[in-house]
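>>> This is a predicted model, with the sequence first.
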Amino acid sequence: MKWRWRWNRQRSYIFVLCATLFFLSKYISNEKGRIDEEDEELSPVDLQEEEKKIECEPPGAIDSKCIADNGKPMRCWKDEEDVYFPASFLKKRFDMTGKVGKDGSTFELFTSYAKMRTPETNYDPLGAFGHFSTYSVETRDRVRCISAKTNVPMSTQWDTVPYYYPIQIAQYGLQHYSRLKIENSTRNKSEDDSKNGVILGVKSNEWKGAAGMHETTERLFFNDEEKGKVVNISAGYALANAGAYVYLDKSQNLHVVSFDWKPFDGNASFTVLAKMKQDDLLVLINYVFSEGNGKCVWQEEEKSYDEDIIVQKPRKDGQVSYSYSYVGNAPFGEWSTVTRDVLVDVARALSSGENRKKDDNVVLHPGDLRLVSLGFRGQLTVKQQINQREEQHLHAFRSAADWLVTNQDEKGGWAVPVERSIADRKLVLSPGWHSAMAQGHGISLLTRAYEHLHDVKYLFSAIKALELFKVNSSEGGVRAEFFGNVWYEEYPTTPGSFVLNGFLYSLIGLYDLSKLDVTQNEKSKIQEATDLYSAGIQSLKRLLPLYDTGSGTIYDLRHVFLGSAPNLARWDYHAVHVYLLKWIAGIEKDDFLSKTADRWIGYAYGKRAKHN
Amino acid sequence: MLWKKRKIVYVFFISVLILFLILVKTKSRRYSAIKWPAANNIVIYNRIPKTGSTTFTNAIAYDLYKENEFNVLHVNMTKNRQVMSLPDQYTFINNVTTWTERLPAFYHGHVAFVDFQRFGVANPIYINIIREPLERLLSHYYFLRYGDNYRIGLKRSRAGNNETFDECYARSGKDCDMKQMWMQIPYFCGHYLFCTEVGNPDALKMAKQNAIEKYLLVGTTARMRDTIALLEVTVPHFFKGALSHFDSLDANRSHLRYTKKKIAPNDQTLSMIRRNEVYKMEREFYDFVSDLFDAVFKKATNGTSKAESLVNMPLQYHFEKIKPT
C-alpha cells in the first residue's frame, strides 16, 4: 500500500502542475487581445497633386491679367502692339460662335451662326414658295407624325397630345409643292415616268400567306369590272398574324407605298415590314382602325411573362412594332387609295417614345431603311397593283390643301386648338386663336392648289380667309394697329405683339391671292386682297426701322406695350427677316426695303450702325 | 508492480488506443459519404443539342482529364429523350455520389436539369452553354438535311429533303414548327410536368430561377472562349489550362460538327418568327442568361472584357485585421 501511494503522488503532482500551466496560459492570451477594431487609424488617402499645365506662350507675348466692365479678372496676353482677350470671353460677351478653321490652325469667330440667304429668282406667285423646297417639316422633332387619318403633320410643340397646327400643315403643303415644281422643271420631260417607281402584286403568285398557321389566310383572285385584277383576302386580324403579304422592292429610294383597297370593317389592317440598316432592326408599321388613345402613332405593347406590360426597346436583331391610327380615312365597303411615305413613318414612330428628349429625334435618309413586305389582315379587297415610288409630293400638297378647306371655320380662319403664352405669360392666347401667318400661308397654299388642281373649292376657301384680316385681334381676328399703322398679327395678343416674320408671310399670302387670275364674280374679292396688301406694305415701310437695333433685328415689338426689354431676334430668325425682306423688296421693286435688307445682312458679319 | 503485470497493462492500453484510432478513421470515412463534402468534385454539363456542345466537351473535358486528373463520363439517354423518370433520377444521383473510384468526375449528357436536393443531397457543380434559339433551330433543321463534317456519310433523318427553312415556314411544316424551338427552357426547367408544355410561362420562370440558383455558370455559344476562360478560374481543380488549350486548337477542332449547309431565313420569315410566342419566350430566356453572363464576365475581368486577363487577374480583395496575430 505504501509503495502505491508514493508512485501515484508523483504522478498526481505532475498532473496538477500541467493543469495549472495550461489554464494560466489561456488566461494570459485572453488579456492581450482586447483591441477595439474601430479605433484603428485608417491610412490617409493620398491627395493627388494637380498636374501642372504645360504652357505654350505666343512669341513675344506675356501673360497678363485683364478685366472687362468690372468683372472677374481673366487671363490675357499682351505684346507690344495689342492686348489679347480669351475667345471664351468674346463668345459669351458678344454672343458669337467660333472654332478652329478647316486648315487646322486659324481660329475663326463668327457673329452669326446662321447663314444669310436671299431669294435667287424672281418670285412667281404660283411657283415654288421661297426656299421652302429645302424645308423638311416631317423631320422636325416637334412633328409627332404625319397622321394616317388626314395625311398631314400633327404637332407636339405646345402640348403633349398631338394637335393640328395650321401653320405647320400649310408649310408641309408648300414644301412639297415647291419640290414638285423644282423637280418638274429640272426633269427631262421625255423621261419615262415608270423609272420613278415599280409596281408589285400584279401576279397572283406574289401574294403569300401561310395556310393553316394559327389562322386560315385565304386569297381569292378575281377580276373586278371597274378595278381590274383584285384579290379578296380573309386573314386573322391579330397583329401577331402576318396575314397575306407581298414582297416589296428593295431599292433604297423607293420608300413611298401606294395602293387601292376596300376594307370590309374595322378589323381590317395593313402592315409594312421594313429593315433598318443600323442593327438590322426589323420595324413593323401597322395601320389600324383603332383610336390609340388620341395618339397619332404608338408603340405596340407586349406582355412579359411576369405579366408586366413591357415595351420592346429597339435592340440589335430585335423587332419593334408601331401602329398608326387609320380611323376615318377609309370608308368600309368602298374603294379608297392609301399613300404613305414609309421612311417618314418609321422615323416618326421611332421618335415617338414617351420619354423621348429633343436629342432622341430620329431622322432617316434614303438608304437607312429597306422595305421588305406589305401585309394585310382581316377581310378586305386589294387591287393587284402596289405602287412603290420615290416621293409623294403631289399627294402631300393635295392633302394639306384639302385639310385647309375641310377645317376652315365660319370666320374663315384655322383656329389653333392649344393655348399659347408669350413673354412669361404676360400675353396669353386661349385655345381657338387665329394667326395672320396661318391665314397668309393658307392663302398661299390654296391659290396654288386652285391653279394646279383646278377645283374652285380652293379658291373660295382662299377668299374666305381674307375676312379675318379685317377683324381686330380683340374680336378674334388678326388685325392690329401700331400708332395708327395697320398690322397683321402672327399672335393676335392684347396688347399687340407685332411679330415681324409672321406679318411678312401674311403679306406674301395676300400678294399671291391678289395676282390670281379669276372670273368676274371674284374680281371684287381679289381687289380686297390687293387693298389689304397695299395697306400692309405701307405700314411695313413706316415701321420697319423700329425693328432695327443697329447690330441686329428685333423679333417683335412686344416691349413697346409691355415696357420690357426688346425681344432681340436670334440669328436664325434674323436670317428669316433678311430673306423675307428681300423677297418683298423683289416683289415691290423697292430700293429702301432692299437697302435695309442689305444693311441687315451686314449685321450678321459684325457690321454695326454708326454711333453719334 | 511486477514487470510481467506492468507489461500486460501497457499492452492492454496500447491495443485499446490502436482500436480507438481505427474506429475514428472508419467513422470519418462513413461520414464523408453522408455529409457529401465531395460535391464540388463533380461537374455536370447537361448539354443541349446544336449549341457547340461537342466542341466544348472535347475542349474542356476530354482534352484535359489526363493532365488535371479527373474522370469524364457520358450519360447516354435512351432514344435521346431528355427527361428521366423519378426512380432513374434516384439511381443516377446515387451512382454519381457514391462512385468514389470515379472522383473527381465530369458528367455530360442530353438530360434536363436534375435537382439533387430533392433527394436530400447537395447539388454538384452544374454548367451549361446556350445558343440563340433561332440559330439553334436552324442549325438543327439543316443538320437533319445535310449532316455535318463529324460523322460524314451517316444519313440523317431528313436527308434528301431540300426544302429551305423559309419554304417550310411558309407552308407551316412540322420540322420548322415553333414547337421545335422549345428546347433550352425545358433543359433548365428540369423534370416538372409543365417544363415540357410548349409555351408554358411557369416553365420560363423555373428555367430562369434554376439558371440563377442552381448553375455555377451558363455561357453562350457565341462566347464560348469567354465561358471557358471563366470556368478556368472558377473551377480550377478541373479546368486549369483550359483557355490556353482551347486557343491552341486548330480550326478543325475548335469548331467540330459544323453543319454542312445553312441558309439564313429572309426578313419576312424572321419577322414572323419574332412575333411568335414560343420564340419570344425562348429568346427572353436566352437574353436573360446572356445579359447575366455578360455582367459576370465584365466584373471578373474588371471591365476589360478580355478573357486572357482572367487567368492572372489579381484578387480584388484581401484579408486584414487578423486576430490573433
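Received the coordinates, thanks.
>>> can you give me the strands in the stretch 251-400 of chain A?
Under the criterion DSSP state E, counting those that start in this stretch, the stretch 251-400 of chain A contains strands at A:256-263, A:269-276, A:282-288, A:297-299, A:302-303, A:309-310, A:319-325, A:336-341, A:369-383, A:386-389.
>>> Mind telling me which of those the model trusts least?
Among the strands of the stretch 251-400 of chain A, strand A:309-310 carries the lowest mean pLDDT, a mean of 60.
>>> Ignoring the adjacent residues along the chain, who's closest to the residue of the stretch 51-200 of chain A at minimum distance from chain B?
Among the residues of the stretch 51-200 of chain A, residue A:200 lies closest to chain B, at 13.8 Å counting by CB to the nearest CB. All C-beta spots, glycine's among them, are computed from the backbone N, C-alpha and C. Spatial nearest neighbour of residue A:200, chain neighbours left out: residue A:386 (4.4 Å); criterion: CB to CB, 6 or more residues apart in numbering or on different chains.
>>> tell me the contacts of the one you found?
A:199-201, A:246, A:248, A:257-259, A:374 (CB atoms under 8 Å, 6 or more residues apart in numbering or on different chains).
>>> for residue A:396, same thing?
Residue A:396 is in contact with A:151, A:172-173, A:175-176, counting by CB under 8 Å, 6+ apart.
>>> Relative to residue A:287, how far out is it?
17 Å (CB to CB, to the nearest Å).
>>> With residue A:564 instead?
48 Å.
>>> Compare those two and say which is more crowded by neighbours.
Of the pair residue A:564 and residue A:287, residue A:287 is the one with more neighbours under other CB atoms under 10 Å in any protein chain shown, namely 20 against 12.
>>> what's around the nearest residue to that one once chain neighbours are set aside, how many residues?
The spatially closest residue to residue A:287, leaving aside those adjacent along the chain, is residue A:326, at 4.6 Å (CB to CB, 6+ apart). Neighbour count for residue A:326, taken as other CB under 10 Å: 22.
>>> Contact partners for residue A:326?
By CB under 8 Å, 6+ apart, the contact set of residue A:326 is A:148-149, A:269, A:287-289.
>>> Buried subset of those residues, written for PyMOL?
Buried residues among the contacts of residue A:326 (16 or more other CB atoms under 10 Å in any protein chain shown), as a PyMOL selection:
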select buried, chain A and resi 148+269+287+288+289
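>>> Out of the contacts of residue A:326, give me the two with the largest separation.
A:149 and A:269 (14.1 Å; CB to CB).
>>> surely residue B:107 meets residue B:71?
No - using CB atoms under 8 Å, residue B:107 makes no contact with residue B:71, being 9.0 Å away.
>>> okay, these two: which has more neighbours?
Taking other CB under 10 Å, residue B:107 and residue B:71 do not tie; residue B:107 has more neighbours (21 against 15).
>>> average model confidence for the helix or strand that one falls within?
In this assignment (DSSP states H and E), residue B:107 forms part of strand B:105-109. The average pLDDT within strand B:105-109 is 94.
>>> go on, stretch B:188-205?
93.
>>> returning to what we had before: who does the strand holding residue B:107 pair up with?
Next to strand B:105-109 in the sheet, as set by DSSP bridges, lie strand B:42-45 (parallel), strand B:71-75 (parallel).
>>> Give the buried residues for the longest one.
Read it as strand B:71-75. Result for strand B:71-75 [16+ other CB under 10 Å]: buried residues B:72-73, B:75.
>>> Looking at those residues, which one is closest to chain A?
The nearest one, if we look at the buried residues of strand B:71-75 relative to chain A and count by CB to the nearest CB, is residue B:75, at 30.4 Å.
>>> Surely the closest one and residue B:105 touch.
No - the pair residue B:75 / residue B:105 is not scored as a contact, 11.1 Å apart, by CB under 8 Å.
>>> contacting residues around residue A:535?
So residue A:535 contacts residue A:486 (CB under 8 Å, 6+ apart).
>>> tell me the SS of it?
helix (DSSP: H, G, I helix; E, B strand; the rest coil).
>>> on that earlier part again, next structured bit after the strand holding residue B:107?
The helix or strand immediately downstream of strand B:105-109 is strand B:125-130, counting by DSSP H and E.
>>> what's the angle between the following helix or strand past that next one and strand B:125-130?
Sequence-wise, the next helix or strand downstream of strand B:125-130 (DSSP H and E) is helix B:133-146. Helix B:133-146 and strand B:125-130 meet at an angle of 80 degrees, taking axes from the mean of the first three to the mean of the last three CA atoms, to 10 degrees as the criterion.
>>> what's whichever helix or strand comes after helix B:133-146 in contact with?
Downstream of helix B:133-146, the first helix or strand assigned by DSSP H and E is helix B:165-170. Outside helix B:165-170, the residues that touch it by CB under 8 Å, 6+ apart are A:208, A:210, B:138, B:141-142, B:173, B:175-176, B:263, B:265-266, B:269, B:272-273.
>>> Alpha carbons of whichever helix or strand comes after helix B:165-170, as CSV, please.
Scanning forward in sequence from helix B:165-170 by DSSP H and E, the next helix or strand is helix B:184-189. Provided in CSV are the C-alpha atoms of helix B:184-189 (Å, rounded to 0.1, in the frame of the first residue of the first chain):
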residue,chain,number,x,y,z
GLN,B,184,-33.5,25.4,-73.9
ILE,B,185,-36.2,26.3,-71.5
PRO,B,186,-37.2,22.7,-70.7
TYR,B,187,-33.5,21.7,-70.3
PHE,B,188,-33.2,24.3,-67.5
CYS,B,189,-36.7,24.0,-66.1
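>>> Tell me the helix or strand right after helix B:184-189.
Once the chain leaves helix B:184-189, the next helix or strand it forms, by DSSP H and E, is helix B:201-213.
>>> returning to that earlier point: please identify which of the contacts of residue A:396 is nearest to residue B:210.
Checking these against residue B:210 by CB to CB gives residue A:151 as the nearest, at 52.7 Å.
>>> got a list of what that closest one touches?
A:329, A:339, A:395-396, A:399.
>>> I'd like the buried residues of strand B:71-75 as a markdown table, with pLDDT appended.
What follows is those, written out as a markdown table (pLDDT from 0 to 100):
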| residue | pLDDT |
| --- | --- |
| B:72 | 94 |
| B:73 | 94 |
| B:75 | 92 |
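>>> quick check, nearest of those to residue B:232?
residue B:72 (16.7 Å).
>>> quick one: that closest one from residue B:217, how far?
According to CB to CB, residue B:72 and residue B:217 sit 18 Å apart.
>>> Residue 296: neighbouring residues, count only.
With no chain named, the answer covers chain A. Per other CB under 10 Å, the neighbour tally for residue A:296 reads 25.
>>> Not quite, go with chain B.
16.
>>> Which helix or which strand is home to it?
helix B:277-300.
>>> how far out from the middle of the chain is that helix?
16 Å (CA atoms, centre = their mean, to the nearest Å).
>>> Now do it: which elements does it pack against?
strand B:125-130, helix B:133-146, helix B:184-189, helix B:201-213, strand B:215-220, helix B:224-234, helix B:267-274 (3 or more CB pairs under 8 Å, 6 or more residues apart in numbering or on different chains; DSSP states H and E).
>>> and if we set it to 7 Å?
For helix B:277-300, the contact count by 3 or more CB pairs under 7 Å, 6 or more residues apart in numbering or on different chains; DSSP states H and E identifies helix B:133-146, helix B:184-189, helix B:201-213, strand B:215-220, helix B:224-234 as packing neighbours.
>>> Appreciated, that's everything.
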